[in-house]
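Participant: Here is my input, please return the structure:
(2 chains)
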Protein chains: 2
Amino acid sequence: MDEVKVIEIKKSVFAENEKDADALRQELKSKGVFLLNLMSSPGSGKTTTLIQLINKIKDKVRIAVMEADIDSDVDAVKIKKATGVPSIQLHTGGMCHLDAEMTRQGLDNLNLNEVDLVILENVGNLVCPAEFDTGSCCNVMILSVPEGDDKALKYPLMFSVCDVVLINKIDILPYFDFDMEKCSKNIHERNPQAIIIPISAKTGEGVNVFADWLLHEVQEWKAQTREF
Amino acid sequence: MDEVKVIEIKKSVFAENEKDADALRQELKSKGVFLLNLMSSPGSGKTTTLIQLINKIKDKVRIAVMEADIDSDVDAVKIKKATGVPSIQLHTGGMCHLDAEMTRQGLDNLNLNEVDLVILENVGNLVCPAEFDTGSCCNVMILSVPEGDDKALKYPLMFSVCDVVLINKIDILPYFDFDMEKCSKNIHERNPQAIIIPISAKTGEGVNVFADWLLHEVQEWKAQTREF
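Facilitator: The predicted structure follows:
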């Protein structure tokens, strides 16, 4: 099995997470590094989506991945093996989310001079990660078809903090009672600005739409760095 | 739409949750009330499973349901409508779990003299609810096929605190790369005592196995009450 770096994340000592998150964002901007925070429930397909995404854009931007998990390093190993990009594992020691200081502990283990885009795969959880700004430049979440079209009603904060909602596993739509229109309506009620992109991480369908959006965002961010 | 009681749960003031949970369990034993704590990820089928289960056993035991949710009362309404048993909604106000004191706030809104079995549907989250003893007599979790067979590796605490793991959505096994044997092995590595029951809440398959187990547990509990 390929080995990946495993970082044991310590509990944050900073009480003021928002201030710390803004400081981290500014720091990343000055370095021209775009940080994407990816959130979802367990099993919605974060890692598979990342593999598809990274293989589509890795020739255009320099990418590094931070995989947060309570335990195990299976995801970091899988990403590294399937994409070849640098991938480290962050162990949260049972904690259910990452805040800005914990994210910084992860970033300290990457060489940011050689990276344009850092993707943080947050802990699988629709509740707690939504409450903590990681310092990311954008928040993306995955909702998968088997989870149901009503999730924006039940986890409103998560849907309201995300710039993009990827609806994953659309290849199995025929086997589920999932109403895409109702789902979009529920999401837009919580967050009218949310960009909703249906994808199948398994077949790759729709992933290019997200990839194009992301490449554009990274370029815009780096343009701001030059003005910085 | 049918109306259900919605309880706004306040943050617990008790620091010593374990002590409080034990006290609640003793209190429930003295009253002959069995409390089942049901946990899972969002969208794994908690509510659908409960409807199947309750309709199979409601003529044998007197049941009440407490549906915990960050927001909305869709689940409590659905349960009440589909089963006819008393169902109340607990709003956690953004909190990601229930502890014993919060569970007690819910129980205070039920008439425990007329109930043998209270089912608590915890907040959809594989992380935080595992950390807090609710005072329940047993913990049951649902892992659904689309979530993947590796979840016990990633959320070890949840799997280790549960007496029963229901593997739900087995009707769609043909469409997923889910290895039941590997899944069971992963679970038993974390928790050798775990009872694993494959079910389909959609078709009802396997739910009677869980129903029989549960009826037996409730009877045992009530037998202890008589000795109490």
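
Participant: how long is stretch A:167-180 end to end?
Facilitator: 9 Å (C-alpha to C-alpha, to the nearest Å).

Participant: Looking only at that stretch, what residues are buried by neighbour count?
Facilitator: A:I167, A:N168, A:K169, A:I170, A:D171, A:I172, A:Y175, A:F176, A:F178 (16 or more other C-beta atoms under 10 Å in any protein chain shown). Using the backbone N, CA and C atoms, a C-beta is placed for each residue, glycine as well.

Participant: Is the last one in contact with A:D150, as I believe?
Facilitator: No: using C-beta atoms under 8 Å as the test, A:F178 is too far from A:D150 to be in contact (9.8 Å).

Participant: Run through the neighbouring helices and strands of the longest helix seen in chain A.
Facilitator: The residue-count maximum for a helix in chain A (DSSP state H) belongs to helix A:207-227. Contact here means 3 or more C-beta pairs under 8 Å, 6 or more residues apart in numbering or on different chains; DSSP states H and E; on that basis helix A:207-227 packs against helix A:17-31, strand A:34-40, helix A:46-57, strand A:164-168, strand A:195-198.

Participant: Save these as TSV, and put in mean pLDDT and distance to chain B too.
Facilitator: Formatted as TSV, the helices and strands packed on helix A:207-227 follow (pLDDT from 0 to 100; distance: least, C-beta to the nearest C-beta, whole Å):
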stretch	mean pLDDT	distance to chain B
helix A:17-31	94	15
strand A:34-40	97	9
helix A:46-57	96	10
strand A:164-168	98	10
strand A:195-198	97	16
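
Participant: Which one of the ones you listed lies nearest to B:E131?
Facilitator: strand A:34-40 (19.7 Å; C-beta to C-beta).

Participant: residues in contact with that closest one?
Facilitator: Residues outside strand A:34-40 that contact it (C-beta atoms under 8 Å, 6 or more residues apart in numbering or on different chains) are A:24-25, A:28, A:46, A:49-50, A:103, A:107, A:116-122, A:124-126, A:129-130, A:134-144, A:158, A:162, A:214, A:217-218, A:221-222.

Participant: how far away is A:I172 from A:S44?
Facilitator: 13 Å (C-beta to C-beta, to the nearest Å).

Participant: Could you see whether chain B lies near stretch A:150-159?
Facilitator: Yes: counting by C-beta under 8 Å from any C-beta of the partner chain, contacts between stretch A:150-159 and chain B involve A:D150, A:K151, A:L153, A:K154, A:Y155, A:P156, A:L157.

Participant: Spatially central residue in chain A, please.
Facilitator: A:L38 (1.4 Å; C-alpha atoms, centre = their mean).

Participant: circling back to that earlier point, next, the angle strand A:34-40 makes with the longest helix of chain A.
Facilitator: Taking axes from the mean of the first three to the mean of the last three C-alpha atoms, to 10 degrees, helix A:207-227 and strand A:34-40 form an angle of 140 degrees between their directions.

Participant: Let me know the angle separating helix A:207-227 from strand A:164-168.
Facilitator: Using the same axes, to 10 degrees, helix A:207-227 lies at 160 degrees relative to strand A:164-168.

Participant: Just the buried positions in helix A:207-227, please.
Facilitator: Buried, per 16+ other C-beta under 10 Å, within helix A:207-227: A:V207, A:F210, A:A211, A:W213, A:L214, A:L215, A:E217, A:V218, A:W221, A:K222.

Participant: any idea how far it is from the chain center?
Facilitator: 15 Å (C-alpha atoms, centre = their mean, to the nearest Å).

Participant: can you check stretch A:167-182 too?
Facilitator: With C-alpha atoms, centre = their mean, you get 21 Å for stretch A:167-182.

Participant: what's it in contact with?
Facilitator: In contact with stretch A:167-182 (C-beta under 8 Å, 6+ apart) are residues A:44-45, A:49, A:142-146, A:148-150, A:183, A:196-203, A:205-206, B:146, B:172, B:175-176.

Participant: Noted, bye for now.
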